[in-house]
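Q: I'll drop the sequence and a predicted model, then ask my questions.
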Amino acid sequence: MPDIPVFLKSGSATATITPLGAELTSWQVNGRDLIWHRDPQHWARSAPILFPVVGASAGGAVKVDGKSYPMPQHGFARDSLFDVIEHGGDFVLLRLTDNAQTRERYPFAFSFAVRYTLSSDGIAVAFEVTNPGAAPLPYQIGYHPAFPWPFATRRAGHDVVTFASDARRPLLRPDANGLLKRKADASLSGVRMELSAAMFDKGAFVFADAASDTVVFTPASGGALSITTEGFPHVAVWTKPDAPFISIEQWTGLPDWDDFSGELSERASVSVLPPGGVAHHAIALRYSAA
């Protein structure tokens with residue numbers, strides 16, 4: 001099936017999804033662009049879906065039954081062509097299933113479906129993982145959307161990420177290989193995380209077990225964008241210091257620890273689906289004008 005973008009509309013809201021990676025490449029509400037526009041000068045993606053792993057794997061590979069399989073960072077789904085199963089005016093259902101190429105990296109039978117539903121002020125993303133095989137299926141899912149964060153508003157303390165609770169959140173920082181140290185660098189207390197470009201000089205902020213099923217990005221330029229999740233316990237916040245976007249990521253699992261050498265089924269915060277099992281995860285993005 002060719003990579004022909006799918007267009008959705010609901011009221012004044014529009015969205016575009018490409019079958020390559022089942023990626024949301026545009027989303028507008030009342031004419032306001034809410035998703036990063038894939039400028040390759042900074043980052044040539046917009047909102048990639050991560051599967052079957054999140055982040056880096058130790059040695060660039062995963063181990064299954066003692067055998068190593070090469071695994072790119074964030075998995076292969078973001079660079080795979082999904083089939084468009086169903087498409088209406090305000091929704092689309094896409095699916096990726098195992099094939100000869102996926103089995104070279106991930107030796108499992110699987111079905112991974114993504115459904116987008118657009119509304120006048122939001123977009124819902126539903127994920128379904130099915131295990132049609134005879135072996136347990138280890139997997140992780142990540143959603144990696146980037147939102148415009150113009151330089152004009154990037155002043156320390158003026159742009160805020162707000163969590164749903166004031167729990168203390170251990171802060172993990174990926175190393176140069178994208179792996180995590182088991183010991184937290186620091187922690188974040190309270191509900192507010194004030195943003196500045198300089199704070200990302202050393203890369204992403206990873207909050208394992210963020211204790212927040214809703215995160216809200218409130219830029220100084222006005223409006224608010226909320227992200228509500230089901231089955232995504234971890235949150236990462238990332239940008240490049242010279243890039244006018246902010247990525248607020250939702251993860252079901254974590255990258256490998258820097259000292260990890262075990263099986264994929266033993267990876268940090270991995271989900272394991274029994275034969276015949278079906279699992280659901282969901283994310284809802286909603287925009288509120290100033």
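A: Done, it's in.
Q: Now the least confident helix or strand in the chain by mean pLDDT: buried residues?
A: Across the helices and strands of the chain, mean pLDDT, DSSP states H and E gives its lowest value to strand 186-188, namely a mean of 82. By neighbour count on 16 or more other CB atoms under 10 Å, the buried set for strand 186-188 is Leu188. Placement of C-beta: from N, CA and C, glycine included.
Q: how far out from the middle of the chain is the helix or strand following that strand?
A: Heading C-terminal from strand 186-188, the first helix or strand you meet, by DSSP states H and E, is strand 192-195. Here the centre of strand 192-195 is set off from its chain's centre by 20 Å, with CA atoms, centre = their mean, to the nearest Å.
Q: Mean confidence (pLDDT) on strand 192-195, please.
A: In this model, strand 192-195 has an average pLDDT of 90.
Q: Contacts for the following helix or strand past it, please.
A: The helix or strand immediately downstream of strand 192-195 is strand 205-207, counting by DSSP H and E. When contacts are defined by CB atoms under 8 Å, 6 or more residues apart in numbering, strand 205-207 is touched by residues 169-174, 180, 188, 193, 199, 234-238, 254-255.
Q: C-alpha coordinates for stretch 114-126, CSV please?
A: C-alpha atoms of stretch 114-126 as CSV (Å, rounded to 0.1, in the frame of the first residue of the first chain):
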residue,chain,number,x,y,z
VAL,A,114,-3.5,2.6,15.9
ARG,A,115,-6.8,4.5,15.7
TYR,A,116,-7.0,8.3,15.5
THR,A,117,-10.3,10.1,16.2
LEU,A,118,-10.5,13.8,15.6
SER,A,119,-12.9,16.2,17.4
SER,A,120,-13.3,19.9,17.3
ASP,A,121,-10.7,20.6,20.0
GLY,A,122,-8.8,17.3,20.3
ILE,A,123,-7.5,14.1,18.9
ALA,A,124,-7.6,10.7,20.5
VAL,A,125,-5.1,8.0,19.8
ALA,A,126,-6.0,4.4,20.7
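Q: Please give the element, helix or strand, for Phe217.
A: Using DSSP H and E, Phe217 falls in strand 214-218.
Q: same for that strand, what does it pack against?
A: Counting by 3 or more CB pairs under 8 Å, 6 or more residues apart in numbering; DSSP states H and E, the packing neighbours recorded for strand 214-218 are strand 159-163, strand 224-230, strand 245-251.
Q: buried set for it?
A: Val215, Val216, Phe217, Thr218.
Q: Understood, closing this out.
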